[in-house]
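In: coordinates for the following, if possible.
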Amino acid sequence: MFKKSLFQSVAATLVGMTVGSSATAEESHSQTHYSEDTQKSFAGPSDLFTGEVQVDIVFPSNESAHYSGAYVTFSPGARTAWHEHPAGQHMVVTQGTALTGTRDGHVIKLHEGEAVWCPPDLDHWHGTTPDAPMKHFVVTASKDGENVIWKEKVSNEDYEKALAKVE
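Out: Residues are numbered from 1 along each chain as shown. Below is the predicted model of the structure:
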């Protein structure tokens, strides 16, 4: 079982700094602007994703708001490894069609503009269909400094079973 924070640990490893360091604020009581050129982007690491995945951080968590946001773009057939979110996650599909599945075999197919709430501590994966890319926006909450707990990769067999349920 991996204990990594997708939006902090992986970004820190891949870009050499924490996600929050890109923010600029004149003082602690002013608004914080995250300009496009300061946001971190990175390829999803192969031990956590199957296929090509691009993560584009939009905003990090902070001392007041214990949630972060990112766009995640999946190439056709790409998917996450099994994982859970200790404080839950909202996912909104912005382009294409998404799939999300749970250990009990339940699979949801989401289209552009649709959203799903993944409650805390539910093992799941998300990705796309084999024939088209997909992009979603996620808002992921943190609990005790963790926003994701990574597990093993979704097998091709489990992915094929999921496809059969929704097609």
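In: can you list the weak-confidence ranges in this protein?
Out: Within the chain, the ranges that satisfy pLDDT under 70 run 1-28, 167.
In: can you give me the helices in it?
Out: 11-15, 156-166 (DSSP state H).
In: my guess is residue 83 contacts residue 150. True?
Out: Yes: Residue 83 is within contact range of residue 150, at 5.0 Å (criterion: C-beta atoms under 8 Å). C-betas here are computed from N, CA, C, even on glycine.
In: against residue 46, how distant is the closest residue to residue 61 other than its chain neighbours?
Out: Leaving out its chain neighbours, the residue that sits closest to residue 61 by C-beta to C-beta, 6 or more residues apart in numbering is residue 68, at 4.6 Å. Per C-beta to C-beta, to the nearest Å, residue 68 is found 22 Å from residue 46.
In: same question for residue 73.
Out: With C-beta to C-beta as the criterion, residue 73 and residue 46 are 16 Å apart.
In: then residue 67?
Out: Counting by C-beta to C-beta - residue 67 and residue 46 are separated by 27 Å.
In: now do the same contact list for residue 56.
Out: Residues near residue 56 by C-beta atoms under 8 Å, 6 or more residues apart in numbering: 39, 40, 41, 70, 71, 72, 73.
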